[in-house]
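[1] sequence and predicted structure, then a few things I'm wondering about:
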Amino acid sequence: VMSLVALGGGIALYALLRWQREKGAIDAPPVMRRISGQRAFEATLAVLSLMGRNGRRLLRTGRLQWQMLWLVCAALVACTLPLWARGLPIGDRMQLPLSPAFALLWLLGAVCAVAAAWQAKYHRMAALTLLGG
């Protein structure tokens with residue numbers, strides 16, 4: 001019954017507002033009269049564009065090596081901060097033995113990282129592909 005009352009009230013309110021708008025009494029929805037979606041979008045776009053230009057000016061470099069260095073440093077900071085803040089509690093669980101598949105995965109990642117750094121100067125596509133590894 002409450003759902004039917006809410007549905008009927010919503011239909012009545014919609015019909016009333018539509019009738020007032022067609023009559024010319026109101027030119028926008030009552031809550032949104034002073035808010036313009038287009039102005040809000042354009043202001044947000046202008047602020048984001050300005051932030052992007054300032055960030056690009058701050059970090060601009062035309063060399064891939066420096067860009068990769070920034071990326072690696074940001075990743076190291078992002079993974080070190082939580083460990084530095086909270087430490088690395090071992091807990092009550094027994095430590096598992098080293099799995100050969102896990103060790104191979106780490107070795108493959110290290111080889112890809114070194115190969116990406118090696119290829120970065122002359123073979124950018126190969127370096128980006130290796131970065132994915």
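    Arrived safely, thanks for sending.
[2] on the pLDDT front, check Pro29 for me.
    For Pro29, the model assigns a pLDDT of 61.
[3] and if you look at Ile90?
    Confidence score, pLDDT, at Ile90: 71.
[4] what about it? Give its phi and psi, please.
    Backbone torsions for Ile90, taken as degrees, to the nearest 10, come to phi -80, psi -40.
[5] measure Ser36 to Leu45 for me?
    14 Å (CB to CB, to the nearest Å). (C-beta placed from N, C-alpha, C; glycine too.)
[6] is the nearest residue to Gly133 once chain neighbours are set aside within a helix or a strand, and which one?
    The shortest distance from Gly133 to any non-neighbouring residue, by CB to CB, 6 or more residues apart in numbering, is to Cys112 (3.4 Å). Element membership for Cys112 (DSSP states H and E) is helix 100-119.
[7] mind listing what's buried in that helix?
    In terms of neighbour count (16 or more other CB atoms under 10 Å), helix 100-119 has its buried residues at 115-117, 119.
[8] closest to Gln65 out of the residues you listed?
    Closest approach to Gln65 among the buried residues of helix 100-119 (CB to CB): Ala117, at 8.0 Å.
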